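Chemist: Prediction below, plus the sequence it came from.
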Amino acid sequence: MSHDFTVTFLGVRGSIPVPGPSTLKIGGNSSCVQIEILNHTFFLDAGTGIISAGKKLVNTFLTSSSDSHKQLFTSILISHTHHDHIMGLPFFAPLFLQQSHISIFGPSIYGPINYPHTDLQYVLNMLMDQMFFPIDLQETPSIKQIISLKPQNQIVFSPQTSIPELVQQNNFNPTSDQIVISQYRNYAHPKNGVLVYKISFNGKTIVYATDLESYISGDQKLIQFSMNADLLIHDSQYTEEQYMKIPSVQGFGHSTAEMACYVAKKANVKQLLLYHHDPNHSDDEIFKKEIKAKELFPHAQAAYEGLILKI
Ligand SMILES: [Zn+2]
Ligand SMILES: [Zn+2]
């Protein structure tokens, strides 16, 4: 069967990167998934997993063509700006390439009432402010467009252009050759919530739902949003035992693998990838979590670094 999406898991950890002997099989990098459709490459989150992919893209670009007018186009969709989801961005090699064009989408940030700036651009500028990093984001030679998504905004990749455009969901009818990315803000994560993304192309869909905590009887909005998806990538940070026994875990904005399975089943998805693993969990603990999940939802699998899915 032909496939339309190539999905590569580059970082599958939550909270912090955890390199070391107990995480060699699952991997220790923080959240990042690469999606390739047609000639478009984009990333879901920019945790440390994005670093190796950025180097590879730039190396391939520099060795594949001597055409000085050629450009490297990439896009990054940020779920939220907690460290583990953006800490790889300052080390993303395409930032430092003059022929590179990067589109970055993500949430605006609601702060206290007197918060001076609330857009994504401001937060990413802060990430690379001189207090934290030697090179300002705006000093990097690449061309960048940084967009804070509003409710009902959709991102569209068309075959004629390499740069994605923003449209309003209500008055847009995609053509069959366009890739459409929808999003909504889920508030089950402190304090600004998180954007959940759905990527649709050629009748197939992938949903990316990280850093959210499910509810009793499932998160109805997420179930609707994920209905009949080909792939659901869902937060599965905790085991049920952790969730039930450790009081500070409940309300912290993450799900158990069981919660992810419940959503997957209700939404009738074809495949579930357990994602954003607890940094304290060893490979063996994650494999145990996977076995339990398969009993509830046979098409569940623990995401690991280097896993490539063709959909
Ligand atoms: Zn996270
Ligand atoms: Zn988070």
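Modeler: Received, thanks. Ligands and ions are numbered 1, 2, ... in the order given.
Chemist: any idea how far His276 lies from ligand 2?
Modeler: 8 Å (Cβ to the ion, to the nearest Å). C-beta here means a position set from N, CA and C on the backbone, and glycine is covered the same way.
Chemist: Same check on Leu57?
Modeler: Distance of Leu57 to ligand 2, given as Cβ to the ion: 26 Å.
Chemist: I figured that residue hits Phe73, correct?
Modeler: No: look at Leu57 against Phe73 with Cβ atoms under 8 Å: they stay out of range, at 10.0 Å.
Chemist: where do the contact lists of the two overlap?
Modeler: Thr41 (Cβ atoms under 8 Å, 6 or more residues apart in numbering).
Chemist: pull the helix or strand with minimum mean pLDDT from the chain.
Modeler: Taking mean pLDDT, DSSP states H and E as the measure, the chain has helix 240-245 as its least confident helix or strand, at a mean of 92.
Chemist: what's downstream of that one, the next helix or strand?
Modeler: Once the chain leaves helix 240-245, the next helix or strand it forms, by DSSP states H and E, is helix 257-266.
Chemist: what's that following helix packed up against?
Modeler: Applying 3 or more Cβ pairs under 8 Å, 6 or more residues apart in numbering; DSSP states H and E, one finds that helix 257-266 contacts helix 220-225, strand 231-235, strand 272-275, helix 283-296, strand 300-302.
Chemist: Reformat these as a markdown table; add mean pLDDT and distance to ligand 1.
Modeler: Putting the helices and strands packed on helix 257-266 into a markdown table (pLDDT from 0 to 100; distance: least, Cβ to the ion, whole Å) gives the following:
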| stretch | mean pLDDT | distance to ligand 1 |
| --- | --- | --- |
| helix 220-225 | 97 | 17 |
| strand 231-235 | 98 | 8 |
| strand 272-275 | 98 | 10 |
| helix 283-296 | 98 | 16 |
| strand 300-302 | 98 | 16 |
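Chemist: would you list these in TSV and tack on mean neighbour count?
Modeler: Conversion of these to TSV gives the following (neighbours: other Cβ atoms under 10 Å):
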stretch	mean neighbour count
helix 220-225	16
strand 231-235	28
strand 272-275	28
helix 283-296	16
strand 300-302	22
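Chemist: can you put those in a markdown table and add distance to Val194?
Modeler: As requested, these are exported to a markdown table (distance: least, Cβ to Cβ, whole Å):
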| stretch | distance to Val194 |
| --- | --- |
| helix 220-225 | 11 |
| strand 231-235 | 9 |
| strand 272-275 | 13 |
| helix 283-296 | 21 |
| strand 300-302 | 21 |
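Chemist: Next up, the contacts around the residue in the stretch 1-150 of the chain positioned nearest to ligand 2.
Modeler: For the stretch 1-150 of the chain, the nearest residue to ligand 2 under the criterion Cβ to the ion is His82, separated by 3.5 Å. By Cβ under 8 Å, 6+ apart, His82 lies in contact with Asp211.
Chemist: roughly how far apart are it and Lys198?
Modeler: 21 Å (Cβ to Cβ, to the nearest Å).
Chemist: Show me what counts as buried in stretch 97-116.
Modeler: Counting neighbours by 16 or more other Cβ atoms under 10 Å, one finds that the buried residues in stretch 97-116 are 97, 99-109.
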